[in-house]
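Chemist: What follows is a predicted protein model with its sequence.
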Amino acid sequence: MPETSSDHTELVQKILSGARWASLFRASAQVFSWLSTLIIVRFLTPEDYGLNSMLEAPLDLVMLFSTLGLDIALVQRQQILQEEISNTFGFLLLLNLLLFLSFFFGGSLLATYFNEPQLTLLSQVLAFIFLLIPFRVIPNALLDRALKFRLKAKIELTASILTALTTLTLAYFGAGIWALVIGFLVNRSSQAILLMIIQPWFITPKFHFSQTKKMIKFGSLLILSSFFTRISDMSATIVAGPYLGTHFLGIYAIASSFAIL
């Protein structure tokens, strides 16, 4: 019994220490992001932010289904076998390949809906985000299971700094909306690369999904509740976007960002 109590105390201390460091790193990343936003907004136009909102709203909604709650299920399970991780990885590769193709070839529909031809190419470039998702979801879940919150927060901070510097540089040289799009790509790709370098994890994907189905049932309920929340948050852009146009939608997006700040 004393040994069990000691193990429990050590576990609690490890969680609290990790949480403190994670909070510090994430707060630092947030402050850096805020400061960079205040500078970047001087080099971009409302039209750039309007186009970004038209991309961001559907992308966020589609990305909700990019894991089907498997990342949550991986963390919550008391025990997990290597076979289950391999099958989850394989399932996420197939799922996100499908989402990539949908968003890539659906770009013209998005452009038609918002009456903005630029959205076709922009959405095709952003579609590559889905190919990176399995390479972030699996290692992030494994880090959470191992209580390595500090390491995870370090990676997020580094990615945030790289994103801000990339976006600011491109915005300064007149890249416009591409500064925001490429910045987002840099954020997600740098996280995936850093995870592979700092915490090597790669496993061989497998495609037997009998156990994966049970995990999806667990996580899907949480994803469903998040979906309705996101729909509410994005309703202004989705419903009013085609009528407001990029200029007024961009002003709304900038105002919302500063309100959150």
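Modeler: Ah, there it is.
Chemist: hey, let's count contacts and neighbours off CA atoms from now on
Modeler: Will do.
Chemist: What segments of the stretch 1-150 of the chain are helices?
Modeler: 2-40, 46-63, 70-76, 82-105, 107-114, 119-126, 129-132, 134-145, 149-172 (DSSP state H, counting those that start in this stretch).
Chemist: who's in contact with the residue at minimal distance from the centre of the chain?
Modeler: Taking CA atoms, centre = their mean, the centroid of the chain lies closest to Arg188, which sits 6.9 Å from it. Residues counted as contacts of Arg188 (CA atoms under 8 Å, 6 or more residues apart in numbering) are Ile129, Leu132, Ala159.
Chemist: contacting residues for the last one?
Modeler: With contact set as CA under 8 Å, 6+ apart, Ala159 has these partners: Val186, Asn187, Arg188, Ser190, Gln191.
Chemist: Tell me, how many residues neighbour the residue nearest to Ile129 when sequence neighbours are not counted?
Modeler: Of all residues not flanking Ile129 in the chain, Leu185 sits nearest, at 6.6 Å (CA to CA, 6 or more residues apart in numbering). If you count neighbours by other CA atoms under 10 Å, Leu185 ends up with 17.
Chemist: Checking Gln211 next. Helix, strand or coil?
Modeler: The local conformation at Gln211, judged by DSSP: H, G, I helix; E, B strand; the rest coil, is helix.
Chemist: In terms of pLDDT, where does it sit?
Modeler: On pLDDT, Gln211 comes in at 72.
Chemist: nearest spatial neighbour of it, skipping sequence neighbours?
Modeler: Glu84 (7.0 Å).
Chemist: re the thing from before, distance of the residue nearest to the centre of the chain relative to Glu84?
Modeler: 25 Å (CA to CA, to the nearest Å).
Chemist: what do you get for Ser210?
Modeler: Distance, Ser210 to Glu84, using CA to CA: 10 Å.
Chemist: Settle it for me: which of these two has more neighbours?
Modeler: For Ser210 versus Glu84, neighbours defined as other CA under 10 Å are more numerous around Glu84 (19 against 10).
Chemist: correct me, but the more buried one touches Lys213?
Modeler: No. In this structure, Glu84 is not within contact of Lys213 by CA atoms under 8 Å, at 10.8 Å.
Chemist: got any ranges where the stretch 1-150 of the chain has weak pLDDT?
Modeler: For the stretch 1-150 of the chain, the stretches with pLDDT under 70 are 1-19, 21-22, 25, 29.
Chemist: and the helices of the stretch 1-150 of the chain as a markdown table, adding distance to Gly250?
Modeler: Listed next are these as a markdown table, based on distance: least, CA to CA, whole Å:
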| stretch | distance to Gly250 |
| --- | --- |
| helix 2-40 | 14 |
| helix 46-63 | 4 |
| helix 70-76 | 33 |
| helix 82-105 | 22 |
| helix 107-114 | 13 |
| helix 119-126 | 15 |
| helix 129-132 | 23 |
| helix 134-145 | 30 |
| helix 149-172 | 16 |
